[in-house]
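Novice: Predicted model and sequence follow; I will ask about them next.
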Amino acid sequence: MRFKKLTLALCLSGITFWPLSAKGETEEKEVVKKGKYTLTFVNQNPNLNEEVKAGLIKTFFKVYPKMVKDFNKEAITEVTVTIDTAYNGVAYAHNGKITIASQWLDKKPEDLDVITHEGMHLVQAYPGGSGPGWLTEGIADYVRYVYGVDNEGAGWSLPDFDPQHHYKNSYRITARFLLWINQRFDKDFVQRMDEKMRKKEYDESLWSLYTGKTLEELWDQYSIDPKVKI
Ligand SMILES: [Zn+2]
């Protein structure tokens with residue numbers, strides 16, 4: 001049996017740490033408030049680079065309020081970010097919680113905009129069955145591309161079109177397609193699709209409603225002339 005021990009909270013220059021023993025390990029918890037937003041940063045990795053931690057917090061406060069304003073003003077304002085030492089993937093987000101693999105940050109400490117992509121998932125807050133997963137991920141990467149603070153520093157960019165690509169490939173491949181639609185047809189296209197997904201009103205007919213072309217026709221045109229302004 002494992003016990004969770006709570007020790008006294010220490011206040012250090014306005015920042016609160018609760019060293020606690022969970023799973024026999026120490027977690028550090030820091031609460032940062034700015035305006036109407038509260039970020040609780042839970043760190044399970046005692047060796048986490050302080051610059052990476054500070055960079056993630058700074059990135060969150062720089063991009064999250066903008067994404068809320070532009071996409072979903074009802075989005076959650078209290079967010080918990082956990083740097084997880086047991087998780088083997090990259091990151092995931094749900095219900096006000098973002099989890100980032102500590103191993104990923106060890107490997108890619110420049111990848112601060114992982115919090116931009118995951119933060120967008122909280123802003124999306126799509127209900128179950130709202131629409132295709134590739135579109136959810138494509139929108140999150142489109143937003144990372146547009147709002148990200150240092151994609152270049154992370155070596156992250158939208159890949160050039162390749163005939164092997166398909167819009168269902170998700171993530172950056174779909175993101176580039178969405179950028180192309182925004183540039184060629186409707187600068188609010190991503191915003192409109194995002195809202196429809198959240199309202200559970202997504203339907204394939206929306207592509208032609210907003211662009212005059214079906215999804216397949218758009219992809220065909222994109223494969224012939226995939227240029228975007230980067
Ligand atoms: Zn995602």
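Specialist: Perfect, thanks for sending it.

Novice: Show me the shaky parts of this protein.
Specialist: Counting by pLDDT under 70, the chain shows low-confidence ranges at 1-25.

Novice: can you give me the helices for it?
Specialist: 50-71, 102-107, 114-124, 133-147, 171-184, 189-198, 205-211, 215-224 (DSSP state H).

Novice: want to throw those helices into a markdown table with distance to Val79?
Specialist: No exception for glycine: its C-beta is placed from N, CA and C like everyone else's. Listed next are those as a markdown table, based on distance: least, Cβ to Cβ, whole Å:
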| stretch | distance to Val79 |
| --- | --- |
| helix 50-71 | 7 |
| helix 102-107 | 18 |
| helix 114-124 | 6 |
| helix 133-147 | 15 |
| helix 171-184 | 22 |
| helix 189-198 | 17 |
| helix 205-211 | 29 |
| helix 215-224 | 33 |
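
Novice: Columns mean neighbour count and distance to Gly153 on top of these, output as TSV?
Specialist: Formatted as TSV, the helices of the chain follow (neighbours: other Cβ atoms under 10 Å; distance: least, Cβ to Cβ, whole Å):
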stretch	mean neighbour count	distance to Gly153
helix 50-71	17	10
helix 102-107	17	14
helix 114-124	25	13
helix 133-147	22	13
helix 171-184	21	17
helix 189-198	19	24
helix 205-211	15	34
helix 215-224	15	28
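
Novice: Out of these, flag the one nearest Thr38.
Specialist: With Cβ to Cβ as the measure, helix 50-71 is the member of the helices of the chain nearest Thr38 (10.6 Å).
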